[in-house]
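Q: Turn this into a model:
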Amino acid sequence: MRLRDELNMQWRIGGTLVRLILVNVAVFLAMLVVDLGMLFASQDQSVATELGHRYMRQWIECPQDLGVLVTRPWTVITYMFAHHGVGHIFFNMLMLWFSGQLFQNILGDQRLLGTYLLGGLGGLALYLAFYNLMPMYAGNGWIVGASASVMGILVCIAAYRPQMIVHLVLFGPVKLMYIAGVLVLLDLVLLRDGGNSGGHIAHLGGALYGYLAALLLDKGRDPGLAVGRFIGTVGDRLRPGARSRMRVVRTQRSRVSVDAGHRPPRQEKQARVDAILDKISRSGYDSLTKEERDFLFKASKDH
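A: Below is the predicted model:
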């Protein structure tokens, strides 16, 4: 199978987590190509860096200067899909894969997308607050990377399921809340030391959003799912041929509802299992009612 076909297949069946990673990697590779083009054209590293910022990075990364940000509002989203260097994207995607799988299995696909975006916005909000309200951080900086989004996902699932056990290669079984706690503490320590202050502030902002999102979930409120569903709806409407496909689906559904009484019991049971599995894929296992969980458990025993 060709690489293009493999990527298309992963995009279709991999879910939100795989798509987020693919988008991040694609943006990184595209920016790398532009950076190399600037380097080869200028034959000077410092000139290439300046040209890269002027013609590309300032339009993707998010500025701390609010006056500049107003003229480039899209960067509040694009910044969380761009990275500096192989190490930057490697560790972010590694943590996204680790925390995203845990999150997706429990809370569902659509919540993952919403939490990624809202965690990134939470990190950006704290970054802008620090860099515009505190004189010690005054300057003309930029923020880039998915770290705040990843911290939002990790802390959200850790706060929602603090007793969950994960198995780390070097440490064995560890409670998820301890992993999230150590990473937050590490950001606080590194913030005090002054290295990459903007990045650590954004991490803490993403973590703060993740914690608040978990509290809201316990109270029945779900901003991540609302954002994920909204984006999914917009995407469906913008997709070419979406209207015609929707008409076909409605026709099929009406036919199924008419013929449902004539199905063999085994087909009826399988149809309900498929519907429950679809619900888990969309909204996570916790969205199931007790009746649905019992039905799924009994169905698994029958196979």
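Q: Next, count neighbours for the nearest residue to Q110 once chain neighbours are set aside.
A: Closest residue to Q110 apart from its sequence neighbours, by Cβ to Cβ, 6 or more residues apart in numbering: G228 at 3.2 Å. Every C-beta, even on glycine, is put in place using the N, C-alpha and C of the backbone. G228 is flanked by 25 other residues according to other Cβ atoms under 10 Å.
Q: do the same with F171
A: Other residues close to F171 by other Cβ under 10 Å number 10.
Q: returning to what we had before: by contact count, what packs against the one helix or strand the residue nearest to Q110 maps to?
A: Element membership of G228, judged by DSSP states H and E, is helix 223-238. Applying 3 or more Cβ pairs under 8 Å, 6 or more residues apart in numbering; DSSP states H and E, we find helix 223-238 packed against helix 109-133, helix 197-218.
Q: wait, what's in contact with the nearest residue to Y209 once chain neighbours are set aside?
A: Excluding its sequence neighbours, the residue lying closest to Y209 (Cβ to Cβ, 6+ apart) is G122, at 3.1 Å. Taking Cβ atoms under 8 Å, 6 or more residues apart in numbering, we find G122 in contact with A148, G152, G205, G206, L208, Y209, G210.
Q: any idea how far G122 lies from N24?
A: 18 Å (Cβ to Cβ, to the nearest Å).
Q: sorry, back to before: pLDDT score for the residue nearest to Q110?
A: pLDDT recorded at G228 is 84.
Q: burial count for M164?
A: Neighbours around M164, by other Cβ under 10 Å: 15.
Q: shouldn't it be in contact with V174?
A: No: M164 is beyond contact range of V174, at 9.8 Å (criterion: Cβ atoms under 8 Å).
Q: ok so P73 is a strand residue?
A: No: according to DSSP: H, G, I helix; E, B strand; the rest coil, P73 belongs to no strand; its state is coil.
Q: And the longest helix along the chain, how far out from the chain middle?
A: Taking DSSP state H as the criterion, the chain has its longest helix at helix 15-42. Helix 15-42 has its C-alpha centroid displaced from the chain centroid by 17 Å (Cα atoms, centre = their mean, to the nearest Å).
Q: Not counting its neighbours along the chain, what's nearest L128?
A: Q64 (6.3 Å).
Q: scratch that, C156 is what I was asking about
A: Using Cβ to Cβ, 6+ apart, the nearest residue to C156 is G210, at 3.7 Å.
Q: Tell me who's in contact with the one you found.
A: Neighbours of G210 in contact, by Cβ under 8 Å, 6+ apart: T115, G119, G122, M151, G152, I153, L154, V155, C156, I157, A158, A159.
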